[in-house]
Each structure stands twice: as structure tokens, then as C-alpha cells.
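In: got a predicted structure plus its sequence, pasted below:
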Amino acid sequence: MFFEDLNLEGTKRLWGKQVSDLAFGEFLEKLKWQSKKRIRSVLKVDKWSPTAKCCCVCAFHNKDLTLADRSWECPECHTHLDRDENAAINILKEGVASFGLGVVRPIVLFNKIVGYSVEAFSSLLNSTRASA
């Protein structure tokens, strides 16, 4: 599993108690413990990687995207992107690529992402029970 390495202290200063209520740090600790118990890995992707602003289909970098923008259309490939789904695919792509495990490709149908495929270079990815 891959997660973006978030600056939780900075996020708390920006958003206040709302972030503390989510208990994201506690969630990650429990996830790491469960993963270790099941001989799985939880890996972090660099927090400065532009996961939400970069189109996961063509890699166009949208510098004008704000936190209020929940969806956007890529001007290069015209794919309609949900901010969270786009970021999740980019985190997966970054994690898989940074460990040399394979390539993640979004599947686009009628300018919408309907899934993704993973071309595994490593037997580590082939041995998981992952699905899109």
C-alpha cells in the first residue's frame, strides 16, 4: 500500500481540530501494525509530489488548481478528473515506479477514468491480491 507522506502538524495548523478528529496518524499506525502482522508493506510517497495537480493520464501539471476545486478537466487530454481519484492514482503510480515494481496506466473511456491497469515488473506485485 502506498500513502502520501502528509505533514499532519502543518495541516492541523491550517485546518484545526477537524484534522485531529480524523485521527489519520492513528489510522496509519494501525494499518502499519496490521500490515506487519500479515507480512505486507505500507510505503510512503513524497509529500511534495504534485499528486492532485498532475493529470494521471498525460502528466499535464495544472498550476491553477486550488483546494476548492474538487474536479477539473485536463486541457491536454480532455479527461475529466476527480481530484481525490486523480491523486490516488498518482500516488499509486509514484509508489510503484519509485520501487521499480511496474507501471500503472489509467483506463479512460469517454474522457472519464474507469479503472487502471498495472504492468508488473516485479514478482512482488504479481503475488498480491490487488484489484482495481
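Out: That came through fine.
In: residue ranges of the helices in this structure, please?
Out: With helices called from DSSP state H, the chain shows them at 8-15, 17-22, 24-37, 83-98, 123-126.
In: run through the neighbouring helices and strands of the third one.
Out: What it means is helix 24-37. Applying 3 or more C-beta pairs under 8 Å, 6 or more residues apart in numbering; DSSP states H and E, we find helix 24-37 packed against no helix or strand. Yep, even glycine has a C-beta here, placed from its N, CA and C like the rest.
In: that one: which residues count as buried?
Out: Leu28 (16 or more other C-beta atoms under 10 Å).
In: also the fourth one?
Out: Along helix 83-98, these residues count as buried under the neighbour rule (16+ other C-beta under 10 Å): 83, 86-96.
In: same thing with stretch 99-119?
Out: Of all the residues in stretch 99-119, those buried under the rule 16+ other C-beta under 10 Å are 101-102, 104, 106, 108, 113, 116, 118.
In: switch those residues over to CSV; also include pLDDT and distance to Lys63.
Out: What follows is the buried residues of stretch 99-119, written out as CSV (pLDDT from 0 to 100; distance: C-beta to C-beta, whole Å):
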residue, pLDDT, distance to Lys63
Leu101, 82, 29
Gly102, 87, 29
Val104, 92, 23
Pro106, 95, 21
Val108, 95, 22
Ile113, 95, 21
Tyr116, 92, 25
Val118, 87, 29
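In: mind pulling up the pLDDT for the closest residue in space to Thr79 that isn't next to it in sequence?
Out: Closest residue to Thr79 apart from its sequence neighbours, by C-beta to C-beta, 6 or more residues apart in numbering: Val57 at 4.8 Å. Predicted confidence (pLDDT) for Val57: 96.
In: begin at 442, not 1, for the rest of this chat.
Out: Will do, 442 is the new start, and the previous item becomes Val498.
In: could you measure from Val498 over to Ile532?
Out: Distance, Val498 to Ile532, by C-beta to C-beta, to the nearest Å: 15 Å.
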